[in-house]
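J.: give me coordinates for this.
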Amino acid sequence: MNKILSLFLAAIWMLSLAACSGQRGPEQNEVQNTPSQTSQAPVQEESQNTESSGASQGEASEHQPSILIAYFTRLDNTDATLDEIVQGGGPYGPLGDSFADADIDAIASASITLTDGEAHGNVETMARMIASVTGGEMFSIQTTQSYPTDYDQLIDLGGEEKNQNLRPELATHLEDMERYDIIFLGYPNWWYDMPMALYSFLEEYDLSGKTLIPFAASAGGGFSNTISAIREAQPNADVVENGLHIPMKEVGQGGAEDRRMDQPAWSH
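T.: Sure thing, here's the model as predicted:
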């Protein structure tokens, strides 16, 4: 992760804490992605009376914000193997016959990032970056259907879902969404929009009063109109005007667009 991204995420963290009047970051956990999954880590809240050396310390109450990093990534929403995904190509053309033989740059163009020898979806890689800074809990948004292996077919299906305004059925759920104060919401840009599964997610929960921070990876579309779409879906949430966008080819290097770091972007 380069210095620009580190500073950017640190700024997000500080602003997130300010939004929730918190003083410190929670320990990192990962939500297990199973149907109707309930996260067990509670918001920590302390209030107690103590005496030390005969002097009363009084009551102290401190709220620690609870952070969720919810994301949608291609690799978590297909039954295909990595070799099959590579054979299906990417937005810039063919990738080869196997994952082992594919060029690293070509793999990145297919929404796959190789980190410490492990393959992750680009958006999951971004989620892991954010989790390393904030200590938030990661949650993969997954659908009951398996998306196509062939990249062109995948994008075509995404376009059909958008044109029909579909809401794919989700396979993973959170039963205790109310306990989170801050939600980082990650997704790829499909047809200048979020995958429709993100709309399913946003319509499943009431996120009123929570701080929503978008992050996205794309081949060139940036955020498009997705932030306004999030605000429309959750009008009572505090949606950060601009979040974190990284071009797909640069995710593995932690590259962030400088224009996403403009101070006015943080005006709510």
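J.: mind listing the strands in the stretch 101-250 of the chain by residue range?
T.: Using DSSP state E, counting those that start in this stretch, the strands of the stretch 101-250 of the chain run over 112-115, 118-121, 137-140, 182-188, 211-218, 238-239, 244-247.
J.: okay, those strands in CSV with distance to Asp79 next?
T.: For glycine as for every other residue, the C-beta is placed from the backbone atoms N, C-alpha and C. Below are those laid out as CSV (distance: least, C-beta to C-beta, whole Å):
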stretch, distance to Asp79
strand 112-115, 16
strand 118-121, 14
strand 137-140, 15
strand 182-188, 19
strand 211-218, 22
strand 238-239, 33
strand 244-247, 27
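J.: determine which stretch of those is the most buried.
T.: strand 182-188 (a mean of 26; mean count of other C-beta atoms under 10 Å).
J.: thinking again about what came up before, ok, of the strands of the stretch 101-250 of the chain, where does mean pLDDT dip lowest?
T.: Note on these: lowest mean pLDDT is at strand 112-115, with a mean of 62.
J.: right, and the strands of the stretch 101-250 of the chain - which one's nearest Leu75?
T.: Closest to Leu75 of the strands of the stretch 101-250 of the chain, according to C-beta to C-beta: strand 118-121, at 4.0 Å.
J.: worst-scoring helix or strand of the protein, pLDDT-wise?
T.: Lowest mean confidence among the helices and strands of the chain (mean pLDDT, DSSP states H and E): strand 45-52, at a mean of 37.
J.: mind listing what Leu202 touches?
T.: Leu202 makes contact with Ile230, Ala233, Gln234 under the criterion C-beta atoms under 8 Å, 6 or more residues apart in numbering.
J.: so the first one sits against Leu185, correct?
T.: Yes. With contact defined as C-beta atoms under 8 Å, Ile230 counts as touching Leu185 (6.7 Å).
J.: quick check: neighbours shared by those two?
T.: Counting by C-beta under 8 Å, 6+ apart, the residues touching both Ile230 and Leu185 are Leu212, Pro214.
J.: how close does Ala70 sit to Ile213?
T.: In this view, Ala70 and Ile213 are 11 Å apart by C-beta to C-beta, to the nearest Å.
J.: likewise for Ser228?
T.: Ser228 sits 15 Å away from Ile213, going by C-beta to C-beta.
J.: then Ala80?
T.: Distance of Ala80 to Ile213, given as C-beta to C-beta: 30 Å.
J.: please apply the same query to Ala237.
T.: According to C-beta to C-beta, Ala237 stands 10 Å off from Ile213.
J.: point out where this protein drops to low pLDDT.
T.: Applying pLDDT under 70 to the chain picks out residues 1-64, 92, 102-119, 219-220, 247-268.
J.: switch to 80 and redo it
T.: Applying pLDDT under 80 to the chain flags residues 1-65, 86, 89-96, 98-121, 218-222, 242, 245-268.
J.: now the helices: where do they sit in it?
T.: 3-20, 82-87, 104-109, 122-134, 151-163, 196-204, 226-233 (DSSP state H).
J.: ok, Leu170 - contacts?
T.: So Leu170 contacts Ile141, Gln142, Thr143, Thr144, Ala197, Ser200, Phe201, Glu204 (C-beta under 8 Å, 6+ apart).
J.: what's the PyMOL line that selects buried ones from the residues you listed?
T.: PyMOL command restricting the contacts of Leu170 to the buried ones, with burial defined by 16 or more other C-beta atoms under 10 Å:
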select buried, resi 141+142+143+197+200+201
